[in-house]
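K.L.:
how does the following fold in three dimensions:
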Amino acid sequence: PHRAPVRLPLVTVRPRARSPRPARHDPDGALRGALLEVPALAERVQAGTREERFRTATELAGYFRRPFGPGWALVGDAGSFMDPTGAHGISSALRDSELLARAVVAVHTGVAAEDEALAGYQSTRDDLSSGFFAALDAVAAWRWDLTELRQRLLALSAEMGREADALERLDLSTAAPRAA
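P.N.:
Next up is the predicted model:
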């Protein structure tokens with residue numbers, strides 16, 4: 001029998017406090033406290049029915065997955081994880097898609113062997129993401145004062161600039177990067 005799709009809302013709450021750790025020990029209380037800041041949302045959440053237990057997610061370290069194998073390849077969040085605090089997921093997905101497309105073109109035009117082209121995609125992706133992981137993990141850990149936060153955000157901004165510079169150097173007429 002055909003079943004209608006289940007439509008369950010997702011409510012994400014980021015605490016105002018510097019440390020999200022209490023949420024891990026009392027997620028219900030943390031959510032109630034956070035919802036006090038947004039009464040209209042609190043009413044809607046309280047009127048609903050909880051379908052699952054509340055989950056917390058703090059200090060999520062970035063990591064890579066192998067992004068290719070025989071007949072498949074991964075881009076964006078499928079191929080790596082970055083703490084969502086930086087809101088860089090779609091940028092990573094678009095960047096990886098461009099880099100992967102160039103690798104595929106290089107294979108199909110005879111410029112590179114498949115393993116070589118896909119390893120190049122992985123190497124470039126890893127290089128452009130590694131600095132993000134370090135900078136973003138430091139921000140998302142919530143172990144900073146305002147002076148340290150400023151330095152960490154500047155480091156994150158520098159990584160964004162490095163990524164933009166690398167993408168700008170891509171040669172639009174070929175699948176190969178231009179010389180720096």
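K.L.:
could you use CA atoms for every contact and neighbour count after this?
P.N.:
OK.
K.L.:
show me where pLDDT drops low in this protein?
P.N.:
Low-confidence segments of the chain (pLDDT under 70): 1-2, 4, 6, 8, 10-23, 58-59, 173-180.
K.L.:
all strands for it, in order.
P.N.:
63-64, 68-69, 72-73, 80-81 (DSSP state E).
K.L.:
strand partners (parallel or antiparallel) of the second one?
P.N.:
Which is strand 68-69. If you go by DSSP bridges, strand 68-69 pairs up with strand 72-73 (antiparallel).
K.L.:
same question for stretch 60-69: list its buried residues.
P.N.:
Neighbour-count burial for stretch 60-69 flags 62, 64, 67-68 (criterion: 16 or more other CA atoms under 10 Å).
K.L.:
ok, back up a step: for the strands of the chain, give me a markdown table that also has distance to Ala138.
P.N.:
As requested, these are arranged in a markdown table below (distance: least, CA to CA, whole Å):
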| stretch | distance to Ala138 |
| --- | --- |
| strand 63-64 | 14 |
| strand 68-69 | 29 |
| strand 72-73 | 29 |
| strand 80-81 | 15 |
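K.L.:
same for the lengthiest helix in the chain, what does it pack against?
P.N.:
Ranked by residue count, the top helix of the chain under DSSP state H comes out as helix 114-140. When contacts are defined as 3 or more CA pairs under 8 Å, 6 or more residues apart in numbering; DSSP states H and E, helix 114-140 packs onto helix 89-108, helix 146-168.
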